[in-house]
Each structure stands twice: as structure tokens, then as C-alpha cells.
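Asker: next come a sequence and a model predicted from it.
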Amino acid sequence: MKKNTVDKEWLMSYWNAIDIDELVELLTLPELNNWKELADEDSLKLINEALANISRNAVFQRNAEALERRYSKPERTVSGWVFHEDIDEPTELLNLLKKDTTFYL
């Protein structure tokens with residue numbers, strides 16, 4: 001089971017936005033704990049799965065979080081590219097994830 005901290009605020013924000021089945025899936029879908037070991041091929045599989053399940057918030061979110069952790073990107077980076085910049089090409093998403101956007105001082 002996913003280790004979510006569920007408080008009243010979290011529950012109310014999701015409860016008002018999604019149906020009960022989606023809420024249960026969000027809470028019970030197993031996390032991807034092997035995100036540190038993701039190779040390019042694995043990442044492409046996760047991207048493809050996320051895009052194929054774009055209407056299933058839990059699957060999309062789980063895969064996006066694993067990819068963002070693996071490539072040291074801020075939360076919601078993948079969803080921003082997909083939903084706001086309309087990027088839906090898996091290879092392009094992988095290249096963006098791999099791009100070093102760190103500011104060095």
C-alpha cells in the first residue's frame with residue numbers, strides 16, 4: 001500500500017475532485033520503489049504507461065513522480081509538459097527529463 005499522509009485537507013481536496021474508485025486507487029496503487037535504477041528503456045515504459053492511462057490519475061501520478069525523482073525534476077514537471085505544453089511524444093519527454101536544468105553558482 002502506498003504510504004500517503006492523509007489529513008483532512010488532503011482528503012477534502014481529492015474527495016471533491018474525483019470519484020470514490022479513483023480515490024481508492026490513488027491510495028492503494030503500489031509505489032515504484034525502484035526509481036533510482038530506472039534506465040532509459042524503463043523510463044520510456046513508464047512514460048508510455050502514463051500516457052496510455054492519462055485518465056487514470058493514480059497511474060499517471062505514480063509514474064510521473066518516479067520519473068521526476070529519477071531525473072531530479074520538481075514535482076508536477078511531467079504533468080506540466082503533458083497538460084500545459086501538450087508534449088505527448090515519449091522520446092521527447094525522456095529527453096526533457098534527462099536535460100540538466102540545474103543552476104550552478
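Answerer: Sure, I can see it.

Asker: leaving out the residues flanking it, which one is nearest to the residue nearest in space to the middle of the chain?
Answerer: Residue closest to the mean C-alpha point of the chain, counted by C-alpha atoms, centre = their mean, is Ala64 at 1.8 Å. Of all residues not flanking Ala64 in the chain, Val78 sits nearest, at 3.9 Å (C-beta to C-beta, 6 or more residues apart in numbering). Quick note: C-beta positions are derived from backbone N, CA and C, even for glycine.

Asker: tell me which element that neighbour falls in.
Answerer: Element membership for Val78 (DSSP states H and E) is helix 77-79.

Asker: so what does that helix touch, helix or strand wise?
Answerer: Other helices and strands packing on helix 77-79, by 3 or more C-beta pairs under 8 Å, 6 or more residues apart in numbering; DSSP states H and E, are helix 57-70, helix 90-98.

Asker: got the angle between the shortest one and helix 57-70?
Answerer: Orientation note: helix 90-98 sits at an angle of 50 degrees relative to helix 57-70 (axes from the mean of the first three to the mean of the last three C-alpha atoms, to 10 degrees).

Asker: looking at the helices and strands packed on helix 77-79, which is buried most?
Answerer: helix 57-70 (a mean of 20; mean count of other C-beta atoms under 10 Å).

Asker: now do it: everything it contacts.
Answerer: Contacts with helix 57-70, where a contact means C-beta atoms under 8 Å, 6 or more residues apart in numbering, come from 18, 22, 25-26, 29, 31-32, 35-36, 38, 43, 46-47, 49-50, 53-54, 73-79, 97.

Asker: and the pLDDT at the residue nearest to the centre of the chain?
Answerer: Looking at Ala64, its pLDDT is 97.

Asker: and the helices and strands packed on helix 77-79 as JSON lines, adding distance to Leu11?
Answerer: What follows is those, written out as JSON lines (distance: least, C-beta to C-beta, whole Å):
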{"stretch": "helix 57-70", "distance to Leu11": "15"}
{"stretch": "helix 90-98", "distance to Leu11": "31"}
